[in-house]
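1. return atomic coordinates for the entry below.
(2 chains)
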Amino acid sequence: MKRTLKLGAAAAALALVASGCGSEDDGNDSEVDVAANEDCAARTTEARDAGDLTEVSLQLQWVSQAQFAGYYAAVAECFYVDEGLDVKIVEGGVDIVPQDVLASGDVDYAISWVPKVLGSIEQGAKITDVAQIFERSATTQISFKDKNITSPADLKGKAVGSWGFGNEWELFAGMQEAGVGVGDINLVQQAFDMNAFLAGDIDAAQAMTYNEYAQVLETVNPETGELFTPDDLNVIDWNDAGSAMLQDAIWAQTEKLSDAAYEEQTVAFIKASIKGWAFVRDNPEEAATIVAESGSELGTSHQLWMTNEVNKLLWPSTNGVGLIDEAAWKQTVDIALNTKNETGASIISKEPPATAYSNEYVEKALAELEADGVDTLGKDYEPITVELKEGGK
Amino acid sequence: MALVNVVLTRSRAIVLGLLGVAAVVATWDVYKALGPEQGVLIGTTRVLPRTTDLAMPHSWEMLQRFGEPVTARIGAPDAFSAVFDASMFSLGLAARGWLIGVVVGLLLALAMSRFRIVESALLPWVVLSQTVPLIAIAPLVRRWGSEIEIGSYVWTSQDSVAVIAAYLAFFPVAVGALRGLKSPDTTHLDLMHALGVGWWRTLLTLRLPASVPFVLPALRLAAASAVIGAVVAEVSIGLKGGLGRMVIDYAVAASGDPAKPWAPIFGAVAIGLLAAGAVGLLGLALRPFRLTGVPR
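-> Prediction:
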């Protein structure tokens, strides 16, 4: 009896210890602890203590990675603090829909793709695209050279991978343009990894230039014993095929935009964010390190690759980073209206309201940046060369 | 003498356990060595997996991966300590979820066994609650939670994960305990009644001890559910620090570094065993009650 009591006590102690382990951290843990340099960390604390900063939260579309490097850099380099903002970056997750979190008022701004948000807006979400950070689309459809898939028309009769959940529209639009119906392909649900593609279950797989494409290039080709190279792959780039849709944008709450303080804060937020992205353009290695030290678990060469590829989506910028190009917006809306998926549905059934985007704030931000001497066009931008290591290490 | 016996049975159990693990490992590697590269297909359905290094890394490669750094970043921990930390984090959340789930489950069972009408009203909802998919409730819990502020206490995503773990864990406890509380023989209950013993005394002296054999397996099920709930909820809402998030983070390496994504899976197995083992210890403490109450 005594022994059993002891065992029970041990079990209880174990449970307590275990539950204690979980609660070591305090504070909100979905917020990213951005690794700022010492100088900036000190300045942030000082300004925070003096009560000079307005707290602002930003909901990301996914977990920490270089896709969002500009915002991390703006925190780490104190660009937000310079504008009087104390920005908290909130990570996303598999089931976190940034536009819903924003529309329900839990955060002040969110990063999301335009086509995904258009659907939410039609269903009543009152949010506005206030800065179109990515000018180009990063979605591609890749295949091995021997499959001979070089254009959307070649997808006919092939096993075509897609992640679904709103990532499929550029693919479907490109196919429709080329006269290939959704029924003409064998649509395969794609996982987070590229194993199905490498095993040959998928002929043409969806790949972001900054992520999955690199995953393939980080894998050893069993035939050569070396890593796969870009020469092994055909890439259908939706920017070239004409079915690209606008991706990462900064979204704000439409109704709050009539409030002068929020308007001012929005301009300041966009301004510092663009400054962050200019920093990423000029210091890709440093930016990748900031993201890695802020809790991203991606391999080092993979992270740098992502930083470099994301830079290519912004720079060189046609009209200044963040400015929403009307033609590109219209193309996105047209595809959202007219492209049918495998169930015959389209993203939206009518034109989005005029409040769906606004250049008012980004124009102010760009003007201020120009006055400060920040290059928002990056006309001379040249990407760096990143050597991927096996497994992205 | 008794001690020797205990030691013997214990060591036998340990040896058998290890043999079981060794058998799984051996099956894995033997199939990998001898199985067809493309796996076994019936029609177009693959019934046995491919044996390529991508699909099935060698067991020793997976083990070896634990000793290597997570990434090439200077100061990056080795995979073992990263997985260990994440496992402890998830186990902590699962334990919190388990505790909440057990308390809620027991209270529900008590209420249902006390009042017939509560049982009729509540039991269908208890069952229905488990048909709501986790991916639907996870973001909701996080959003509702973010609006909760009790005094100076601010709701965190960790609390959301613990609540989701509890949501899965309370169910077996509620159902098992209800069954257990209603398990005493009618003759025993009649005796209590005849002696004029009240509901509380009956509960303490008859119903609770009688429920132990039903509650123990329920607690163990709840432990497993809490671990699954915690890990899945982490994936769902992207909480940093635990195994769930690690599964997403490491998936990127599935092609180039195929042993890496297995690391958090082993972590999950380990904490599942640990959780079930801890509940097993609890069972030993409650062992005396197994002999009373229920005629068996």
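
2. verify the stated contact: residue A:88 with residue A:57.
-> Yes: the criterion here is Cβ atoms under 8 Å, and residue A:88 meets it with residue A:57 at 4.6 Å. C-beta here means a position set from N, CA and C on the backbone, and glycine is covered the same way.

3. would you mind listing what in the stretch 251-393 of chain A touches chain B?
-> Residues of the stretch 251-393 of chain A lying close to chain B by Cβ under 8 Å from any Cβ of the partner chain are A:292, A:295-302, A:389-393.

4. tell me how far residue A:132 lies from residue A:379.
-> Relative to residue A:379, residue A:132 is positioned 19 Å away (Cβ to Cβ, to the nearest Å).

5. ok, residue A:240 next?
-> On the measure of Cβ to Cβ, residue A:240 and residue A:379 end up 22 Å apart.

6. do the same with residue B:114
-> 77 Å.

7. again, but for residue A:283
-> 18 Å.

8. tell me which of those two has more neighbours.
-> residue A:283 (16 against 8; other Cβ atoms under 10 Å in any protein chain shown).

9. what's near enough to touch the more buried one?
-> Shown in contact with residue A:283 (Cβ atoms under 8 Å, 6 or more residues apart in numbering or on different chains): residue A:73.

10. list the buried residues of stretch A:46-63.
-> A:47, A:53, A:54, A:56, A:57, A:58, A:59, A:60, A:61, A:62, A:63 (16 or more other Cβ atoms under 10 Å in any protein chain shown).

11. what is the neighbour count of residue 148?
-> Since no chain was named, I'll use chain A. Residue A:148 has 11 neighbours, counted by other Cβ under 10 Å.

12. actually chain B
-> By other Cβ under 10 Å, 11 other residues sit near residue B:148.

13. just give the nearest non-adjacent residue to it, would you?
-> Distances taken as Cβ to Cβ, 6 or more residues apart in numbering or on different chains place residue B:155 nearest to residue B:148, at 4.3 Å, with adjacent residues excluded.

14. give me the spatial nearest neighbour of the residue of the stretch 251-393 of chain A found nearest chain B, chain neighbours excluded.
-> For the stretch 251-393 of chain A and chain B, the shortest gap (Cβ to the nearest Cβ) falls at residue A:391, measuring 2.8 Å. Nearest non-adjacent residue to residue A:391, counting by Cβ to Cβ, 6+ apart: residue B:257, 2.8 Å away.

15. and the one you found, what's its pLDDT?
-> On pLDDT, residue B:257 comes in at 86.

16. give me phi/psi at it?
-> With angles defined as degrees, to the nearest 10, residue B:257 sits at phi -140, psi 70.

17. got the contact list for the helix or strand harbouring residue B:244?
-> In this structure, residue B:244 sits in helix B:243-251 according to DSSP states H and E. Here helix B:243-251 makes contact (Cβ under 8 Å, 6+ apart) with A:63, A:94, A:191-193, A:296-298, B:82-83, B:86-87, B:89-90, B:230-236, B:238-239, B:260-261, B:263-265, B:267-268, B:271.

18. which ones are touching residue A:194?
-> A:205, A:207, A:212, A:215, A:216, A:219, B:254, B:255.

19. against residue A:334, how distant is it?
-> Distance from residue A:194 to residue A:334, counting by Cβ to Cβ: 31 Å.

20. what stretches of chain B score poorly on pLDDT?
-> Scanning chain B for pLDDT under 70 picks out the ranges B:1-3, B:290-296.

21. would you map out the domains in it?
-> Taking automatic domain parsing as the criterion, chain B consists of the domains B:1-56, B:58-70+B:78-291.

22. would you mind telling me which of those is nearest residue A:182?
-> For the domains of chain B, proximity to residue A:182 was assessed by Cβ to Cβ; domain B:1-56 is nearest, at 20.4 Å.

23. and the closest one, is it in reach of chain A?
-> Yes: shown here: domain B:1-56 in contact with chain A (Cβ under 8 Å from any Cβ) through B:50, B:52, B:54, B:55.

24. any shared contact partners between residue A:88 and residue A:57?
-> In contact with both residue A:88 and residue A:57: residue A:31, using Cβ under 8 Å, 6+ apart.

25. which ones are touching the residue nearest to residue A:391?
-> Per Cβ under 8 Å, 6+ apart, neighbours of residue B:257: A:218, A:299, A:390, A:391, A:392, A:393, B:65.

26. looking at chain B, which helix is longest?
-> Secondary structure of chain B per DSSP state H: the longest helix is helix B:79-114.

27. buried set for that helix?
-> For helix B:79-114, a neighbour-count test (16+ other Cβ under 10 Å) marks B:79-80, B:82-83, B:85-102, B:104-106, B:108-110, B:112-113 as buried.

28. which parts of the helix or strand following that helix are buried?
-> Per DSSP H and E, the first helix or strand lying C-terminal to helix B:79-114 is helix B:116-129. Using 16+ other Cβ under 10 Å as the test for burial, helix B:116-129 gives B:119, B:122, B:126.

29. adding distance to chain A as columns, could you present those in a markdown table?
-> Shown next, in a markdown table, are these (distance: Cβ to the nearest Cβ, whole Å):
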| residue | distance to chain A |
| --- | --- |
| B:119 | 29 |
| B:122 | 27 |
| B:126 | 24 |
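
30. on that earlier part again, near chain B, which of the buried residues of stretch A:46-63 show up?
-> Checked against chain B using Cβ under 8 Å from any Cβ, the buried residues of stretch A:46-63 yield the following neighbours: A:62, A:63.

31. so which of the buried residues of stretch A:46-63 sits lowest on pLDDT?
-> Least confident of those in the model: residue A:63, at 88.

32. quick check, that one in a strand?
-> No: residue state for residue A:63 (DSSP: H, G, I helix; E, B strand; the rest coil) corresponds to coil; a strand is not indicated.

33. is it true that it touches residue A:93?
-> Yes: Residue A:63 is within contact range of residue A:93, at 7.1 Å (criterion: Cβ under 8 Å).

34. what sits in contact with each of those two?
-> In contact with both residue A:63 and residue A:93: residue B:238, using Cβ under 8 Å, 6+ apart.

35. count the neighbours of residue A:259 for me.
-> Neighbour tally, residue A:259, other Cβ under 10 Å: 12.

36. so it versus residue A:44, what's the distance?
-> In terms of Cβ to Cβ, residue A:259 sits 26 Å off from residue A:44.

37. elements contacting the strand or helix carrying residue A:99?
-> Taking DSSP H and E as the criterion, the element that holds residue A:99 is helix A:98-103. Here helix A:98-103 is seen to pack against strand A:54-59, strand A:109-112, helix A:114-122, strand A:127-131, strand A:249-253 when contacts are counted using 3 or more Cβ pairs under 8 Å, 6 or more residues apart in numbering or on different chains; DSSP states H and E.
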